[in-house]
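Undergrad: Predicted model and sequence below, questions to follow.
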Amino acid sequence: MADLPGIVIMGASGRMGQMLIHTVLQSDKARLVGCVERSGHPWIGRDIGEAMGGPHLGLAVTDDAIGTIAQARAVIDFTTPEATVATATLTAQARAVHVIGTTGFGPEHLHKIKAAARHAVIVRAGNMSLGVNLLVQLTRKVAAALDADFDIEVVEAHHRHKVDAPSGTALMLGQAAAEGRGVALSEVSERGRDGITGERGRGAIGFSAIRGGDIVGEHDVIFAGMGERIVLRHVATDRAIFARGALRAALWGQDRKPGEYDMLDVLGL
Ligand SMILES: NC(=O)c1ccc[n+]([C@@H]2O[C@H](COP(=O)([O-])OP(=O)(O)OC[C@H]3O[C@@H](n4cnc5c(N)ncnc54)[C@H](O)[C@@H]3O)[C@@H](O)[C@H]2O)c1
Ligand SMILES: O=C(O)C1=N[C@H](C(=O)O)CCC1
């Protein structure tokens, strides 16, 4: 047991943090060695098992990210862009694998993550599920097969608490569609239509976001032509799919060369 890779979970009280803790506890390939939350969080100092409403586990939630990450072989991080950038530096110093599920990054965050990946293994994906990563590959293929007579729209739906849009998954799908077409997403992306927008641009890749209730995550990639339409769809009904993918990435990353990887690398897709 003691030689299994030790995993630290950042954002331990979050929707994904709790799912990740259960996933690691149930695994026979890894062990939980730390649960980190932001300073001032009411769970700091509490036993993680009891804080989640279960039995005592003998592991207290902490805000000591430096001391906790120093004990980790992998850090799984579904938090916020700012927290993840700070964690990337600490994880690189500890030479641990950093699995990043956080979304909503700007170019300034991505630049810092890239710098950290010079010293450590980072696996980052806006969606860690097998199904979505397969959908990414299908999207690339369909986009490559169809010309701009087919309008590409990415429609996503998530729960009411989600703070970023378009979702990380929608951006992955849009990126794959753009690559399939051989264009830069930044040059064809159409977001946030409202009012008199004018006609859709030929070759545009459009994004729409729905927010409501407890929707775990739904994504459609629509290829709309004249007289026919192809819709590629993924529906997530359980956050366990993301947590399983993240743990798989943490184990896959052990003993790899430093660099920034994604779930296509992990899954061999
Ligand atoms: N890649 C994927 O497969 C995938 C799947 C689900 C969610 N996500 C993303 O993961 C992120 C978190 O989602 P969520 O629904 O769990 O959100 P959440 O708000 O429930 O959880 C985030 C947690 O991070 C904690 N946190 C914030 N700053 C911190 C810090 N400095 N140190 C430690 N903890 C800190 C918060 O207190 C909170 O508990 C979002 O960006 C979301 O889009 C990605
Ligand atoms: O619940 C979330 O937040 C999710 N975020 C990811 C995204 O932005 O695509 C993955 C799906 C769930």
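TA: Structure's in. What do you need? Ligands and ions are numbered 1, 2, ... in the order given.
Undergrad: Quick one: the strands in this structure, in order.
TA: Assigned by DSSP state E, the chain shows strands spanning 6-10, 31-36, 61-62, 74-77, 97-100, 121-124, 151-158, 189-191, 205-211, 217-224, 229-236, 259-261.
Undergrad: now for those, which one comes closest to ligand 2?
TA: For these, proximity to ligand 2 was assessed by Cβ to the nearest ligand atom; strand 217-224 is nearest, at 3.6 Å. For every residue, glycine as well, the C-beta is placed using N, CA and C.
Undergrad: buried residues in the closest one?
TA: Residues of strand 217-224 classed as buried: 217-223 (neighbour count, 16 or more other Cβ atoms under 10 Å).
Undergrad: again with stretch 211-218
TA: By 16+ other Cβ under 10 Å, the buried positions in stretch 211-218 come out as 215-218.
Undergrad: coming back round to it: want to throw the buried residues of strand 217-224 into a markdown table with pLDDT and distance to ligand 2?
TA: What follows is the buried residues of strand 217-224, written out as a markdown table (pLDDT from 0 to 100; distance: Cβ to the nearest ligand atom, whole Å):
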| residue | pLDDT | distance to ligand 2 |
| --- | --- | --- |
| Gly217 | 98 | 4 |
| Glu218 | 98 | 9 |
| His219 | 99 | 8 |
| Asp220 | 98 | 13 |
| Val221 | 99 | 13 |
| Ile222 | 99 | 17 |
| Phe223 | 99 | 20 |
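Undergrad: near ligand 2, which residues of this structure show up?
TA: Within the chain, the positions near ligand 2 by Cβ under 6 Å from any ligand atom are 103, 126-127, 158, 162, 167-169, 217.
Undergrad: Pull the residues that contact stretch 69-82.
TA: Contact with stretch 69-82 is made by 5-11, 14, 16-17, 20, 24, 30, 33-34, 36, 83-84, 87, 90-91, 94, 96-102, 104-106, 109, 242, 246-247, 250-251, 253-254, as judged by Cβ atoms under 8 Å, 6 or more residues apart in numbering.
Undergrad: same thing but 6 Å
TA: Contact partners of stretch 69-82, identified using Cβ atoms under 6 Å, 6 or more residues apart in numbering, comprise 5-11, 16, 20, 33, 84, 87, 90-91, 94, 96-102, 104-105, 109, 246, 250.
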